[in-house]
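give the three-dimensional model of this entry:
(chains A and B)
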Amino acid sequence: MRPAEDIEGTLETYGPAVWRICMLHLRNQADAQDAYQETFLKYALADEKRFEGEEHRKAWLLRVASNTCKDMLKSAARRNVALDEAKAPDPPATDPLEQPESGYREAIDALRALDDPPRTPLYLSLVEGYPATEIARMLDAPINTVYSWISRGKKQLKEALS
Amino acid sequence: MTDAEKRVREAFDALEVPPGLNERTLSFIEGKRESGTDLSTSQTQANRAKVAAPKRSRRAKAAIATIAAAACLALAFVGVGLLDRNPAEESASSQHEQLSQQLAESAAENWPTAHVAIDMNPSIELAVKADDTVLEALGLNVDGALVLEELDEKNVVLKGMPLDQAIRALVESDGFASRMTADSLVALSVTCEDEQQRQRLMSMGNECLAALPCAGTCQAVDPAERAAAVEAGMGVQRYRAAQELMELDPGLTLEDCSAMSMRELRSRIEAEEAR
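Model prediction:
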C-alpha cells in the first residue's frame, strides 16, 4: 500500500477533480462520497503503479473514479435499486448546487442527462480541459470518434440549456 | 465556448470536496491498512489495466491477447490437472499477478511524456516517450493526416523512431516538401514537464530545423496552450500567430486562420501592422 503522505498529498491535489467526476456520474452525495473513497483506496492499493508525470497520475485517477461510479450504477441496476433516487443526506447550506439562483444544478443536470458517450468525453474536454488527443488515449478510442462525441455532446448540451 | 458550455464549466468549477471528506477517506484507507484488508485488489488490477493502457496498436493488442490466452490456458491446465484446490488457487493467483504486472508494465511503457508539434501547414503532433522515441503521430488537420497516410503507404513507421529521425521523415515527405519554399516557416512546439527531456527534444528539434532550406523556430510551450491549439487543429506557434492576426483583423475566425500556412499568417500580420 502507498505511504500515508503520498495518499494525503494526492487527495489534496486531485481530490477536487475526482470529486467533480463522481458528481458527474452520481446525483446522490452519499454515493459520490463512497465512489470518492473507493477511488482513493484503489490508488492506495496500486502501490506498484508507476506514473509518467503528474498528468498521467491525474488521468489515471479520473479514469478509475469514472469506472468506479459506472460500476456502482451497474451494480445498483442489477439489484434493482435506484441508486440516484436513494435518500440523500441534507447537503450543507453552502453547497453551490442548492443555490437556485446560480443555475448550477440545471447546468450539471443537463450534462448528467446525456448518454455516455458523449457525457464523459465532453466533460473531460469542457471541464477538465483535456484535448481530444488525450481523451482518445484515456478512453482508448479513435480520435475521430472522440471529435464526433464532443461535437454531438456540445450540440445536445446547447439544446438542453437553450 | 458557447454560453451553455460556460455554464456547465462554471457549475462544475463551483463544486468543492465536502468538508471532512478527505479526512474520512484517509481514516477509511488507514483502517484498511491496519486490518490488512485487500478487498479491492482484483478490482484495482482490472482498472489498472484499463486505465493505464493508452491507445495501443493492433500488434500490441494482439500481443496482450496472446499473453492473456496463454495465461488462461495455463490456468485451465492447472485447474484440470490438480484435484487439490489450494495449490491450484495459489498457481492461479500467481499467474494472475504475473499477467497484471505484464499489463501494467506494458501500459507504463506506452505513456507519452512529451508532445512535439510540427507546424507549417500541414500540422502534426508527435507523442514522445521518456526515451525520446515516438509513441504516436497524429494529424492535427486534414493536411497533417494526409502526410501520415503518405508515410504509411511508403511503409515509413514513425512509431519507435527517435524524435529527430521522425521529424526528418516528416519534413522530407511530399506533403511537407512540396509546400516548402525558401520563404516557408516551420515551427516546432515542445510540451514536456521534465526539463531535461525538454532540453534534449528542443536540441534535436533545432538540429533538424537548421538542416531545412527555410526558416524554422523551436519553442517550449505550456500544456494549457498546447491543449487549446490542438483543439483548434494547429500547433501552438501557428495558433499564437492566428490569435495575433485575429486581434489585428477581427473579421477573421480561427477557422479562417487554420487554413493558412505559418508563412501566410506571418505575412498577413506584417501587412496589418504596416497599415
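
okay, now the sheet partners of the helix or strand where B:Ala187 lies, with direction.
If you go by DSSP states H and E, B:Ala187 is part of strand B:185-192. Strand partners for strand B:185-192, identified by DSSP bridges, are recorded as strand B:114-119 (antiparallel), strand B:215-220 (parallel).

tally of neighbours for residue 161?
Just going to use chain A. Residues contacting A:Leu161 under the criterion other C-beta atoms under 10 Å in any protein chain shown number 18. For glycine as for every other residue, the C-beta is placed from the backbone atoms N, C-alpha and C.

I was thinking of chain B, sorry if that wasn't clear
What B:Met161 shows, counting by other C-beta under 10 Å, is a neighbour count of 18.

that older thread, highest average neighbour count across the strands paired with strand B:185-192?
Scoring the strands paired with strand B:185-192 by mean neighbour count under mean count of other C-beta atoms under 10 Å in any protein chain shown gives strand B:114-119 as the most buried, with a mean of 26.

so which residues make contact with that one?
With C-beta atoms under 8 Å, 6 or more residues apart in numbering or on different chains as the test, strand B:114-119 has contacts from B:123-128, B:140, B:163, B:167, B:170-171, B:186-192, B:194, B:197-198, B:201, B:205, B:226, B:229-230, B:234-238, B:262.

outline the domain layout of chain A.
Chain A breaks down into these domains under automatic domain parsing: A:1-89, A:100-162.

TSV for the strands paired with strand B:185-192, including mean pLDDT?
Output for these, formatted as TSV (pLDDT from 0 to 100):
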stretch	mean pLDDT
strand B:114-119	93
strand B:215-220	92
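
nearest to A:Asp31, out of the ones you listed?
Closest to A:Asp31 of the strands paired with strand B:185-192 is strand B:114-119 (C-beta to C-beta; 36.3 Å).

run me through the strand neighbours of the helix or strand following that closest one, direction for each.
Helices and strands here follow DSSP H and E; after strand B:114-119, the next one along the chain is strand B:123-128. Partners of strand B:123-128 in the sheet, by DSSP bridges, are strand B:114-119 (antiparallel), strand B:134-139 (antiparallel).

any idea how far strand B:123-128 is from the chain center?
From the chain centre to the centre of strand B:123-128 is a distance of 8 Å (C-alpha atoms, centre = their mean, to the nearest Å).

contact partners of it?
A:133, A:137, B:112-118, B:134-141, B:143-144, B:147-148, B:158, B:163, B:166-167, B:170, B:192, B:201, B:230, B:233-235, B:238.

give me the number of residues near B:Ala148?
In this structure residue B:148 is Leu, not Ala. B:Leu148 has 19 neighbours, counted by other C-beta under 10 Å.

that one: what's it in contact with?
So B:Leu148 contacts B:Ile124, B:Ala137, B:Leu138, B:Gly139, B:Leu158 (C-beta under 8 Å, 6+ apart).

check A:Tyr36 too.
A:Gly15, A:Val18, A:Trp19, A:Cys22, A:Ala65, B:Val17, B:Leu21, B:Thr25.

so how do I select the buried members of those residues in PyMOL?
Restricted to buried positions by 16 or more other C-beta atoms under 10 Å in any protein chain shown, the PyMOL selection for the contacts of A:Tyr36 reads:
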select buried, (chain A and resi 15+18+19+22+65) or (chain B and resi 17+21+25)
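
poorly predicted segments of chain B, please.
B:37-110 (pLDDT under 70).

in it, which residue is most central in space?
B:Ala127 (4.5 Å; C-alpha atoms, centre = their mean).

ok, and what's touching the strand holding B:Ala187?
Contacts of strand B:185-192 (C-beta under 8 Å, 6+ apart): B:113-120, B:128, B:167, B:171, B:180, B:198, B:201-202, B:205, B:208-209, B:212, B:214-223, B:226, B:229, B:235-238, B:261-263, B:266.

domain parsing for chain B?
When chain B is cut into domains by automatic domain parsing, you get B:42-111, B:114-274.

return stretch A:136-148 as PDB; C-alpha atoms alone will do.
Taking C-alpha atoms only, stretch A:136-148 is exported to PDB below (Å, rounded to 0.1, in the frame of the first residue of the first chain):
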ATOM      1  CA  ALA A 136      -8.800   9.400 -27.100                       C
ATOM      2  CA  ARG A 137      -5.900   8.000 -25.300                       C
ATOM      3  CA  MET A 138      -7.700   7.900 -21.900                       C
ATOM      4  CA  LEU A 139     -10.800   6.300 -23.300                       C
ATOM      5  CA  ASP A 140      -8.900   4.100 -25.800                       C
ATOM      6  CA  ALA A 141     -11.000   5.400 -28.600                       C
ATOM      7  CA  PRO A 142     -10.100   6.600 -32.100                       C
ATOM      8  CA  ILE A 143      -9.500  10.400 -32.300                       C
ATOM      9  CA  ASN A 144     -12.200  10.900 -34.900                       C
ATOM     10  CA  THR A 145     -14.700   9.200 -32.700                       C
ATOM     11  CA  VAL A 146     -13.800  11.500 -29.800                       C
ATOM     12  CA  TYR A 147     -14.200  14.500 -32.100                       C
ATOM     13  CA  SER A 148     -17.600  13.200 -33.100                       C
END
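
about what we covered before: please indicate which of the contacts of strand B:114-119 are buried?
Applying 16+ other C-beta under 10 Å to the contacts of strand B:114-119 flags B:123-128, B:140, B:163, B:167, B:170-171, B:186-192, B:197-198, B:201, B:205, B:226, B:229-230, B:234-238, B:262 as buried.
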